[in-house]
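Novice: following is a predicted model, sequence given first.
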Amino acid sequence: MSPGSRSPSSPDDELRLPRPPGVLRRFWARHPVFADILTALLCLAFSLVPATSFTDHIDDAVGVGRMWPFTGPVVMVVVVLACASLLVRRRFPTLVFLCAVVVAFAYLLAPAPTGGPMLGVAAYTLAVHRSTRACLIGVSVALGALAVSVAALAFTGVIGPTIAWNALVGEGLAALIGSLIGTNVGNRHRYVAALIDRSRQLVVERDQQARLAAAAERDRIARELHDIVAHSLTVMVALAEGVAASSDIDRARPGATAIASTGREALRDMRATLGILREDDAAPLAPLARDTTVETVDSARAAGFDARLTVSGDRPELSSAVQLAISRIVQEGVTNAMRHARGAERIDIRVGYRPDAVEVDIVDDGEPVAPAQTSSSGYGLRGLRERVVLAGGTVTAGPGAGRGWRVHARIPLGQENHDR
């Protein structure tokens, strides 16, 4: 299968992304479930180990003012549930952060100063899997509420100074460290994701531009081939019919010579057109924009038509696009008259150079055309309109005032021609 016909299933097939640095980072990226389970177990271990040192008596050295029964087991249950929520931290980072805040408040009721990494892990999760703004707002509100609660409980004697300072400093540092690391990692992930997404868009846009360019080039080649082949074959068929109908070799010889000449001209133009399909730099990128108006009229005369060319006005220096459009307009109009105009004997071609535009008229004297036959769905006229539009002009085709068919085109000249 050729590269041009290959259609990848997704833009990711053509993206060549570098491998993430570090063996551990690549392992965590490939196994997110295992990473979440390990994080939850480590957080549970570092949170429950300090909780096992709870005592059931009031330790004045710690500064506990009063103690409620069964606070230790309640704190342990809250810690276990909060650590279990880490298993869904990628999908519900806000829920995990709220659970960590509940754990931080539960530590205030513990009979001894304790703490854990839960709030730091939750702040990291919120920054990575939600946003930096959400992490900043969440940590600020959580630490503010914790500070107010600690102050209220300390002033009322519910908790001692040691527990109060442990809660403020410990949870504050954990939340700060988790936020800083999470913000760094999250911003980097989002930046890389944005780059990858932009790369996907560029791949899609590149493929779309390539398809549009290929379609435009196919249309251009089709127009050139149609103009060359249709006209040349029409002339050669008319000449061949004349040669076949003549029994005099001397009279048939000019017709055969004209057939050969027309074939050579068509072959030359065909080579120039197909040169754009070659890959080497020596091939021309576009057909040669030479003036073939006189050759077209001569070929029509050789085929037995009374073709007359009238040129009026001073011809300015024309661009290649305008010159090619004029030549193809004449060629298409004459070819249509030779092929489709029943009973046509005369073809009048008029090219008028005006200060601001070039006007081209091709009129034949064939039989009147019925309204149902005035459709412009033919490829020749459609390609002709496309070519004239590319040159900035307009073209109309339809029945003539009396008999036959008339093609009229007007191509405006550029400002550079106005100044000459």
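Specialist: Done, it's in. Residues are numbered from 1 along each chain as shown.
Novice: is R91 in a helix, a strand, or coil?
Specialist: What DSSP: H, G, I helix; E, B strand; the rest coil gives for R91 is coil.
Novice: what comes up buried for stretch 88-97?
Specialist: If you call a residue buried by 16 or more other CB atoms under 10 Å, then stretch 88-97 has these buried ones: 89, 92-93, 96-97. C-beta: built from backbone N, CA, C; applies to glycine.
Novice: list of residues touching that stretch?
Specialist: Stretch 88-97 is touched from outside by 32, 36, 39, 82, 85-86, 121-123, 125-126, 128-130, 134, 138, 142, with contacts defined as CB atoms under 8 Å, 6 or more residues apart in numbering.
Novice: ok, now stretch 177-195?
Specialist: 117, 119-129, 131-132, 135-136, 139.
Novice: those residues in helices, which ones?
Specialist: In this view, the contacts of stretch 177-195 that belong to helices under DSSP state H are 119-129, 132, 135-136, 139.
Novice: tell me the buried residues within these.
Specialist: For the ones in helices among the contacts of stretch 177-195, a burial check counting by 16+ other CB under 10 Å picks out 119-129, 132, 135, 139.
Novice: which member of the buried residues of stretch 88-97 is positioned nearest L384?
Specialist: Distance to L384 across the buried residues of stretch 88-97 (CB to CB) is lowest for P93, with 63.6 Å.
Novice: with adjacent residues omitted, what lies nearest to the closest one?
Specialist: Spatially, and ignoring its direct neighbours in sequence, P93 is nearest to H129 (4.3 Å; CB to CB, 6 or more residues apart in numbering).
Novice: domain-wise, how is the chain divided?
Specialist: Listed domain ranges for the chain are 18-205, 292-420 (source: automatic domain parsing).
Novice: check the offset of the last one from the chain's centre.
Specialist: Per CA atoms, centre = their mean, to the nearest Å, the displacement of domain 292-420 from the mean C-alpha position of its chain is 39 Å.
Novice: what angle separates whichever strand or helix holds G178 from helix 118-129?
Specialist: Using DSSP states H and E, G178 falls within helix 161-245. Interaxial angle of helix 161-245 relative to helix 118-129 (axes from the mean of the first three to the mean of the last three CA atoms, to 10 degrees): 20 degrees.
Novice: what's the nearest residue to G170 if we skip its chain neighbours?
Specialist: In space, and not counting its chain neighbours, G170 is closest to G115: 4.1 Å by CB to CB, 6+ apart.
Novice: so what's the residue count around that neighbour?
Specialist: Counted with other CB atoms under 10 Å, residues neighbouring G115 total 23.
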